[in-house]
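Student: Need a 3D model of the following:
(2 chains)
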2 protein chains.
Amino acid sequence: MPFSDYFKAIHTEVDATLDRLIPGDETYPPSIHQSMRYSLFAGGKRLRPMLAVAASDAVGGSRTPVLCFAAALEMIHTYTLIHDDLPALDDDDIRRGQMTNHMKFGESTAILAGDGLLTMAFEILTDTAFFPGVAVTTILAVANETASAIGSLGTIGGQVVDIEYESAVADLAVLEYIHTHKTGKLITASVRGGAILGDADDDQVSALTVYGKHVGLAFQIIDDILDIEGDWRKLGKTPGSDIKKEKMTYPSVVGMEAARKRATELTDSALEALEMFDDEADHLRDLAKYIAARTF
Amino acid sequence: MPFSDYFKAIHTEVDATLDRLIPGDETYPPSIHQSMRYSLFAGGKRLRPMLAVAASDAVGGSRTPVLCFAAALEMIHTYTLIHDDLPALDDDDIRRGQMTNHMKFGESTAILAGDGLLTMAFEILTDTAFFPGVAVTTILAVANETASAIGSLGTIGGQVVDIEYESAVADLAVLEYIHTHKTGKLITASVRGGAILGDADDDQVSALTVYGKHVGLAFQIIDDILDIEGDWRKLGKTPGSDIKKEKMTYPSVVGMEAARKRATELTDSALEALEMFDDEADHLRDLAKYIAARTF
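Tutor: Numbers count the residues shown, from 1 in each chain, chains lettered A, B, ... in the order given. As a prediction, the model looks like this:
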């Protein structure tokens, strides 16, 4: 992330938290822990953790609880990548410039490493020790909302439709379903969870929910654009892989110009949603702008 | 289950709870919900739910909370079966006399249906609405303990070692690791969770933990014996499949006679652990005896 010291510091803190929470490479059985760690530390941008921490900071939350939440989010995100990359799904060999998990560790370990990361995320989200100073009902609410966001009516539902509509005729309603579910729900949950753990009031949570929905969809549209126009050296994967799989993308359905326009509108709406906040939400503003302008 | 009306009633109640909790076959996207439901309702014995409910009953717990917990346990158990059956893992075509999930719905849907069931289990375990009358800290503790039981140091760890030791030289320590982790941890968590939700005191929880560990290991040893000697019409799968995969089994490591003896000893120990209970634990006693005597 081409970012300020603020985000660099969060990246470092999130990585340290992940390193502390995931059993070491030598912990029995070692192969699963090596595999879980390999994908977790394979160069992710930590976007969801950054959204969560910045949302918590915007409402004056304390750092430890949101960092543990952020680590759980990154475990969940990484599990979805490992499973999505499998031969039976997107069949990708390279991710972030490195071998995908199943190329490195084999399919069986990759499937189980994904399962392990998903399970560990909930082990963390339900452990009061990781959320000092947060009410037990709040911990439970955030865990529940996270589960709901990534289930068969959320992330998994989006992934199912994404696969089923490969090679299908372009349809904007289906495409928006895929985008809002496959990536949007977890991004929104990241922002909301950070805010709720930071003890935000209802108006703040509502505003940040709108922000989260808009940046989530903008993120995915830019992802589609980068798949067509991106630089593979920066992306760490071959551009055009969605086209090769005949996946529906925003530019393929509405055209490149309209896709860019939509991403800009969404970013503007995300920024507008933050109007009730002063400079305490500047990091969220920076994230929205980064998402709109990113090149990898 | 060749059982009393008590267990038949639990089976019916658990199935009704599952039916209520899992989105219908037509819920968008339908393929994932059909796939999740297919495996959930493919004739499972509901052993873990029965253990949970009987443990709750032994300590005087109320029925609604433990039924929701029981449904979550069955979702978790079913997710492990779907993933274990995949071509990259055990590569099984038939389970309980029916096509395995990936044979029926394809590998990608099967992987995602497993993910969906695991996620939904945690959505239920973290929803206070399903646990009326139970303290929030207790709900959180049970959810956390369940996650811990099935993670990379629990069920998943057992599955990893099970796969890695295919064709390896027999080793009792490794075999006991596989058995206590792959099946034992979730069975113990089922008994403990039922008791904790039923507001058991510490002595009761300790006694039931010992019970759970012993029936869990007995269950797996009998499973190994049935794989060799079982009747495929009752098992719903071909006996000898573990041998064909050169999996370590209890009889292959210690011999058939010693395996039987160990199962009997474990059952006796499980029954002894219940000594502090009067007839309120009779259903748990019946379950231990059923596990020792089952033929499928």
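
Student: Flag every residue of the stretch 101-250 of chain A that's near chain B.
Tutor: Contact residues, the stretch 101-250 of chain A versus chain B (CB under 8 Å from any CB of the partner chain): A:106-109, A:111-112, A:114-116, A:118-120, A:122-123, A:125-128, A:136-137, A:139-140, A:143-144, A:147-148, A:150-153, A:156-157, A:159-161, A:163-164. Backbone N, C-alpha and C define where each C-beta goes, glycine included.

Student: do that again at 7 Å, thanks
Tutor: Contact residues of the stretch 101-250 of chain A with respect to chain B, defined by CB under 7 Å from any CB of the partner chain, are listed as A:107-108, A:111-112, A:115-116, A:118-120, A:122-123, A:126-128, A:136-137, A:139-140, A:143-144, A:147-148, A:150-153, A:156-157, A:159-161, A:163-164.

Student: which of the residues you listed are buried?
Tutor: Buried positions within those, assessed by neighbour count (16 or more other CB atoms under 10 Å in any protein chain shown), are A:107-108, A:111-112, A:115-116, A:118-120, A:122-123, A:126-127, A:136, A:139-140, A:143-144, A:147-148, A:150-153, A:156-157, A:159-161, A:163-164.

Student: Which ones among the residues you listed lie within helices?
Tutor: Counting by DSSP state H, the part of these found in helices is A:107-108, A:111-112, A:115-116, A:118-120, A:122-123, A:136, A:139-140, A:143-144, A:147-148, A:150, A:156-157, A:159-161, A:163-164.

Student: and A:Gly198, how many residues sit next to it?
Tutor: As a burial measure, the neighbour count of A:Gly198 was computed by other CB atoms under 10 Å in any protein chain shown and equals 26.

Student: what about A:Phe69, distance to B:Ser35?
Tutor: In this view, A:Phe69 and B:Ser35 are 30 Å apart by CB to CB, to the nearest Å.

Student: what about those two, which has more around it?
Tutor: A:Phe69 (34 against 27).

Student: Near A:Thr295, how many other residues are there?
Tutor: Neighbours of A:Thr295 under the rule other CB under 10 Å: 11.

Student: what helix or strand does it sit in?
Tutor: A:Thr295 belongs to no helix or strand when assigned by DSSP states H and E.

Student: ok, now how distant is it from A:Ile222?
Tutor: To A:Ile222, A:Thr295 is 9 Å away according to CB to CB.

Student: cool, A:Gln204 as well?
Tutor: In this structure, A:Gln204 and A:Ile222 are separated by 26 Å, where distance is defined by CB to CB.

Student: do the same with A:Val205
Tutor: For A:Val205, the distance to A:Ile222 (CB to CB) stands at 26 Å.

Student: These two - which one has more neighbours?
Tutor: Remark: of A:Val205 and A:Ile222, A:Ile222 carries more neighbours, 22 against 16, as counted by other CB under 10 Å.

Student: and that one, what pLDDT?
Tutor: Among the per-residue scores, A:Ile222 shows a pLDDT of 94.

Student: from memory it sits against A:Ile291, does it?
Tutor: Yes. Using CB atoms under 7 Å, A:Ile222 and A:Ile291 qualify as a contacting pair, with a distance of 6.5 Å.

Student: Which strand or helix spans A:Pro87?
Tutor: Taking DSSP H and E as the criterion, no element holds A:Pro87; it sits outside all helices and strands.

Student: Backbone dihedrals for A:Met99, please?
Tutor: Its backbone dihedrals place A:Met99 at phi -60, psi 140, with angles given as degrees, to the nearest 10.

Student: ignore the last one, A:Ile94
Tutor: Note on A:Ile94: its backbone torsions stand at phi -130, psi 140 [degrees, to the nearest 10].

Student: Return the set of buried residues in stretch A:205-220.
Tutor: Neighbour counts over stretch A:205-220 (16+ other CB under 10 Å) mark A:205, A:207-220 as buried.

Student: Measure how far that stretch is from the centre of its chain, please.
Tutor: With CA atoms, centre = their mean, to the nearest Å as the basis, the distance from the averaged C-alpha position of stretch A:205-220 to the chain average is 12 Å.

Student: Kindly report the same for stretch A:270-288.
Tutor: Taking the mean of its C-alpha atoms, stretch A:270-288 sits 19 Å from the chain's own mean (CA atoms, centre = their mean).

Student: Over to stretch A:88-100?
Tutor: 17 Å.

Student: for stretch A:212-227, same thing?
Tutor: Centroid separation between stretch A:212-227 and its chain, computed with CA atoms, centre = their mean, is 11 Å.

Student: again with stretch A:173-183
Tutor: Using CA atoms, centre = their mean, the distance between the centre of stretch A:173-183 and that of its chain works out at 14 Å.

Student: And for stretch A:185-201?
Tutor: In this view, stretch A:185-201 has its centroid 13 Å away from the chain centroid, taken as CA atoms, centre = their mean.

Student: buried ones in that stretch?
Tutor: A:185-200.

Student: same check, this time on stretch A:247-254
Tutor: Judged by neighbour count (16+ other CB under 10 Å), stretch A:247-254 contains these buried residues: A:Lys247, A:Met248, A:Thr249, A:Tyr250, A:Pro251, A:Ser252, A:Val253, A:Val254.

Student: what's around the closest residue to the fifth one other than its chain neighbours, how many residues?
Tutor: Excluding the flanking residues, the one nearest A:Pro251 by CB to CB, 6 or more residues apart in numbering or on different chains is A:Ala259, at 4.5 Å. The number of residues packed near A:Ala259 is 20, by other CB under 10 Å.

Student: and if you look at A:Leu172?
Tutor: Using other CB under 10 Å as the criterion, A:Leu172 is surrounded by 11 other residues.

Student: residues contacting it?
Tutor: If you count contacts by CB atoms under 7 Å, 6 or more residues apart in numbering or on different chains, A:Leu172 has them with A:Val253, A:Val254.

Student: Now do the phi/psi pair for A:Met276.
Tutor: In this entry, A:Met276 is assigned phi and psi values of phi -70, psi -10 (degrees, to the nearest 10).

Student: who touches it in this structure?
Tutor: Neighbours of A:Met276 in contact, by CB under 7 Å, 6+ apart: A:Asp203, A:Ala207.

Student: Could you check how far it is from chain B?
Tutor: Counting by CB to the nearest CB, to the nearest Å, the separation of A:Met276 from chain B is 29 Å.

Student: Also A:Ala42?
Tutor: Per CB to the nearest CB, A:Ala42 is found 18 Å from chain B.

Student: That residue and A:Gln98 touch, don't they?
Tutor: Yes. Under the criterion of CB under 7 Å, A:Ala42 makes contact with A:Gln98 at 5.2 Å.

Student: Can you report how many residues lie near the residue lying closest to A:Phe3 once chain neighbours are set aside?
Tutor: Closest residue to A:Phe3 apart from its sequence neighbours, by CB to CB, 6+ apart: A:Tyr290 at 6.9 Å. Residues within reach of A:Tyr290, counting by other CB under 10 Å, total 19.
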